[in-house]
Each structure stands twice: as structure tokens, then as C-alpha cells.
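S.K.: sequence-free structure coming up:
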């Protein structure tokens with residue numbers, strides 16, 4: 001598969017995005033183990049599946065700098081933790097690491113159904 005140099009990629013996730021949970025640490029056999037809560041892992045996995053479905057067989061160029069817009073409707077939780085879940089889900093699919101996201105704009109509204117629209121733009125390219 002070839003890398004796709006899309007200027008804009010957008011997808012809508014139908015369902016609940018669970019806010020990024022704080023890492024948990026447990027001690028087993030005298031060693032500390034840190035893990036991500038299962039609700040966060042499951043939500044990231046669902047989002048990755050949605051991203052892959054919308055990408056199809058194409059893959060975007062993962063390098064460069066990015067601007068991301070997120071519109072949360074009917075979602076619960078702090079908007080920053082909702083955004084963290086989506087940014088982490090995009091690692092390796094939309095960018096190599098979410099540290100490449102230079103601009104982030106999020107809005108949150110109430111609604112009878114839960115969905116999230118995400119738009120990714122590559123910075124430094126004409127639109």
C-alpha cells in the first residue's frame with residue numbers, strides 16, 4: 001500500500017468515547033506494573049477500527065505536523081481527556097505519534113445520541 005498524502009481526513013465515530021483514564025500501577029511479586037484501564041484500551045481499540053474502516057486500503061503520510069478538530073456530541077467527561085483518547089488512537093494510523101499535533105480544537109455539546117467527528121489536516125500544505 002502506498003502512503004496517501006491527504007490534505008484532509010475526516011471520520012465520524014458513532015458511539016461513546018471513554019475519556020483517557022489515568023494509568024494504574026499495581027505491585028506483583030515485588031515489582032511495579034503500570035497499565036492502562038480497560039475502558040480506555042477498549043475505547044482506543046474501537047476508535048482505531050473506525051479509523052481503519054474510513055481509511056480503507058489507503059494510508060496517510062504519517063510524518064509532518066497536524067491540526068486536529070474534534071466535535072463531541074453526547075459524550076461525558078472532560079473534553080481534554082476525550083481528546084487524549086482519540087489522539088492516542090491515531091498513533092501509527094494518522095501520525096507516528098500524537099506529539100506531531102500542533103493545533104487542537106475541541107468542542108463538546110449535549111445530544112440525544114453519542115458521536116464524535118474528527119478532522120485531521122496536514123499543516124504546511126495548501127488546502
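M.R.: Okay, I see it. Only a predicted model underlies this, so the values are computations on that prediction, with no experimental measurement involved. Numbering: from 1, shown residues only.
S.K.: Going by C-alpha atoms from here, please, whenever you check contacts or count neighbours.
M.R.: OK.
S.K.: Give the rounded mean pLDDT of stretch 26-38.
M.R.: Averaging pLDDT along stretch 26-38 yields 83.
S.K.: Can you give me the first-to-last residue distance of it?
M.R.: The first and final residues of stretch 26-38 sit 14 Å from each other (C-alpha to C-alpha, to the nearest Å).
S.K.: you'd agree residue 39 is up against residue 22?
M.R.: No: using C-alpha atoms under 8 Å, residue 39 is not in contact with residue 22, being 10.9 Å away.
S.K.: quick one, strands of this structure?
M.R.: Secondary structure of the chain by DSSP state E: the strands cover 3-4, 8-14, 24-28, 31-35, 59-60, 66-73, 101-109, 115-122.
S.K.: Any stretches of this structure with poor pLDDT?
M.R.: Where the chain drops to pLDDT under 70, the residues are 1-6, 125-127.
S.K.: and if we set it to 50?
M.R.: Scanning the chain for pLDDT under 50 picks out the ranges 1-4, 127.
S.K.: and of the strands of the chain, who's closest to residue 45?
M.R.: With C-alpha to C-alpha, the closest approach to residue 45 among those belongs to strand 8-14: 12.0 Å.
S.K.: Can you name the residues in contact with the closest one?
M.R.: For strand 8-14, contacts defined as C-alpha atoms under 8 Å, 6 or more residues apart in numbering pick out 47, 50-51, 54, 114-122.
S.K.: Adding distance to residue 31 and neighbour count, write the residues you listed out as JSON lines.
M.R.: Putting these into JSON lines (distance: C-alpha to C-alpha, whole Å; neighbours: other C-alpha atoms under 10 Å) gives the following:
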{"residue": "47", "distance to residue 31": "32", "neighbour count": "25"}
{"residue": "50", "distance to residue 31": "36", "neighbour count": "16"}
{"residue": "51", "distance to residue 31": "36", "neighbour count": "21"}
{"residue": "54", "distance to residue 31": "41", "neighbour count": "15"}
{"residue": "114", "distance to residue 31": "40", "neighbour count": "17"}
{"residue": "115", "distance to residue 31": "40", "neighbour count": "17"}
{"residue": "116", "distance to residue 31": "39", "neighbour count": "21"}
{"residue": "117", "distance to residue 31": "41", "neighbour count": "14"}
{"residue": "118", "distance to residue 31": "39", "neighbour count": "18"}
{"residue": "119", "distance to residue 31": "41", "neighbour count": "15"}
{"residue": "120", "distance to residue 31": "40", "neighbour count": "21"}
{"residue": "121", "distance to residue 31": "42", "neighbour count": "19"}
{"residue": "122", "distance to residue 31": "42", "neighbour count": "24"}
